[in-house]
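>>> How does the following fold in three dimensions:
(chains A and B)
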Amino acid sequence: DTEVTQTPKHLVMGMTNKKSLKCEQHMGHRAMYWYKQKAKKPPELMFVYSYEKLSINESVPSRFSPECPNSSLLNLHLHALQPEDSALYLCASSRFGTQGRGETQYFGPGTRLLVL
Amino acid sequence: QQQVKQSPQSLIVQKGGISIINCAYENTAFDYFPWYQQFPGKGPALLIAIRPDVSEKKEGRFTISFNKSAKQFSLHIMDSQPGDSATYFCAAWGNTGKLIFGQGTTLQVKP
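Next up, the predicted model:
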């Protein structure tokens, strides 16, 4: 089973709202990722958690706040977003942490976010 | 040095034809090269991947060819089908802990 699940599938929020995106994997993977993807563009890395510790933050604005409560769960807390933050938000996981040899990242289906 | 350059940006192929997408990289520290397939509104799905100690890998109709000296790799889709119409991303994993994506190729297979 190589499934990464994400909820919700769609989210519409105003610029003053607070919402959260959730990602879950039960593959025992120790690295989890948040990506942002705009239409017709490749995924852009936002955050990486390796062994439940934040290991990479790609200079993401503080209105995005990641959280890794345990090795299976990854949240992305959203606050005071801008319309340009509208995008597909993807979660991914990989078996080992981010050091060492490269390996497959498995992506979830994404959350389509619209900021009004 | 962290870039992966992908071409063409878009590709139209007749059903039954061969689709070829090319990628090039500079960083010799890259050691893992996956290809992802993405349908509209869905997350990228791993199609096939290769490490630089192998020159070719085949899985069904999909083949990766890898040229380490030229720092290039390509995806060949044999007997292309309308269901293969999607966006394809090549990627490379290096020593930064990040997966570096190419810009993507939109493939349309005409019936």
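>>> for the chain, what are the low-confidence residue spans?
Using chain A. A:1-2, A:99-100 (pLDDT under 70).
>>> Switch to chain B, please.
Residue ranges of chain B with pLDDT under 70: B:1.
>>> So which bits of it are right by chain A?
Within chain B, the positions near chain A by Cβ under 8 Å from any Cβ of the partner chain are B:30-32, B:34, B:36, B:41-46, B:49, B:87, B:89, B:92-94, B:97-99, B:101-104, B:106. Just so you know, the C-beta spots here come from the backbone N, C-alpha and C atoms, and that holds for glycine as well.
>>> beta partners of the residue nearest in space to the middle of chain A?
With distances taken as Cα atoms, centre = their mean, the residue of chain A nearest its centroid is A:W34 (2.6 Å). Note on A:W34: beta-bridge partners by DSSP bridges are A:F47, A:C91.
>>> residues near A:K40, how many?
Per other Cβ atoms under 10 Å in any protein chain shown, the neighbour tally for A:K40 reads 11.
>>> Ok, A:E52 next?
17.
>>> Identify the spatial nearest neighbour of it, chain neighbours not counted.
Closest residue to A:E52 apart from its sequence neighbours, by Cβ to Cβ, 6 or more residues apart in numbering or on different chains: A:C68 at 5.0 Å.
>>> OK, contacts around the one you found?
A:M32, A:Y49, A:E52, A:K53, A:L54, A:L74, A:N75 (Cβ atoms under 8 Å, 6 or more residues apart in numbering or on different chains).
>>> What helix or strand is it located in?
Applying DSSP states H and E as the criterion places A:C68 in strand A:64-70.
>>> Pull up the pairing partners for that strand, direction included.
In the sheet, strand A:64-70 lines up with strand A:73-79 (antiparallel) (DSSP bridges).
>>> Any buried residues in the strand it pairs with, and which?
A:L74, A:N75, A:L76, A:L78 (16 or more other Cβ atoms under 10 Å in any protein chain shown).
>>> now do stretch A:84-96
Those would be A:D85, A:S86, A:A87, A:L88, A:Y89, A:L90, A:C91, A:A92, A:S93, A:S94, for stretch A:84-96 by 16+ other Cβ under 10 Å.
>>> Identify those among those residues that sit within strands.
Counting by DSSP state E, the buried residues of stretch A:84-96 place A:A87, A:L88, A:Y89, A:L90, A:C91, A:A92, A:S93, A:S94 in strands.
>>> Could you list which residues are in contact with the closest residue to chain B within chain A?
Closest residue of chain A to chain B, Cβ to the nearest Cβ: A:G102 (2.7 Å). By Cβ under 8 Å, 6+ apart, the residues touching A:G102 are B:F30, B:D31, B:Y32, B:A92, B:W93, B:G94, B:L99.
>>> With that, I have no additional questions.
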